[in-house]
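*Asks:* 3D model of this:
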Amino acid sequence: MFWNSKTPGIPDEYFLRNEEIPITKEEVRSIIISKLRLKENYSVIDIGCGSGSITVELCFQCQNGKVFGIDVDSKAIDLTKTNLEKFKVIAEIIKGDAYDMLESLPSVDGIVIGGTTGKTEAIIHRSINKLNKGGRLVITTILIETMFKAMEAINKSRDIKDIDFTQVTISKGRKTKTGTMILSRNPVLLISATKI
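*Replies:* You can find the predicted model right below:
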């Protein structure tokens, strides 16, 4: 097995990358996974799977469950499949609009929403309906506008409790000729909640 650690946070450089496809950075992935409160037999959906970094991490955490990845972008689908092969893990990868694709999927224990293609509220409502009782929803974005729409959708739902809002700002060191410089990455906004 290419990765044999139980903890999340696979180093970014281990993933195959494409400059056109975003990757959720390792520290942020670790926080997302912790907010999902997963168990080995859980089933989880990764909406907007992009490079597949979260999808791969979910496969390691839910080895006896089922993992689904959804994306509208063909390049993202191909990259996710390539990274799954590299890490020797299995997930069902679906190309299409998450709002439409969710309808045909089974109920699950966790959903990560990382891309909504402008249908934020609708995808959140459909995701809440797809969660099992006690299931966890985690929404991630770097856009304030998306976070505002997500907060509105979450606050309108009567099926959600334990709502948590978190801003994550990570800085990383980079060696220079004279020492180490600290560079900040884009802040990431997270909402997590539990299905009643």
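
*Asks:* which residue is nearest the middle of this protein?
*Replies:* V112 (4.2 Å; Cα atoms, centre = their mean).

*Asks:* Rounded mean pLDDT for the helix or strand containing that residue, please.
*Replies:* For V112, the element it lies in under DSSP states H and E is strand 108-113. Summarised as a single mean, pLDDT over strand 108-113 is 98.

*Asks:* which helices and strands does it pack with?
*Replies:* Judged by 3 or more Cβ pairs under 8 Å, 6 or more residues apart in numbering; DSSP states H and E, strand 108-113 is in contact with helix 26-36, strand 44-47, helix 53-61, helix 120-130, strand 131-141. Yep, even glycine has a C-beta here, placed from its N, CA and C like the rest.

*Asks:* distance of the residue nearest to the centre of the chain from K119?
*Replies:* Taking Cβ to Cβ, to the nearest Å as the measure, V112 falls 16 Å from K119.

*Asks:* residue ranges with poor pLDDT in the protein?
*Replies:* Counting by pLDDT under 70, the ranges of the chain that qualify are 1.

*Asks:* Pull out the buried positions in stretch 137-155.
*Replies:* L137, V138, I139, T140, T141, T146, M147, K149, A150, M151, A153, I154 (16 or more other Cβ atoms under 10 Å).

*Asks:* cool, and stretch 50-66?
*Replies:* Buried, per 16+ other Cβ under 10 Å, within stretch 50-66: 50-62, 65-66.

*Asks:* List the residues that contact F165.
*Replies:* M151, L189, L190, I191 (Cβ atoms under 8 Å, 6 or more residues apart in numbering).

*Asks:* among those residues, which are in strands?
*Replies:* Using DSSP state E, L189, L190, I191 are the members of those that sit in strands.

*Asks:* Now rank the residues you listed by neighbours and give me the top one.
*Replies:* Note: the member of these with the most neighbours is I191, at 22 neighbours, neighbours being other Cβ atoms under 10 Å.

*Asks:* Quickly find the element holding N83.
*Replies:* Counting by DSSP H and E, N83 is part of helix 74-87.

*Asks:* I am finished for the moment; much appreciated.
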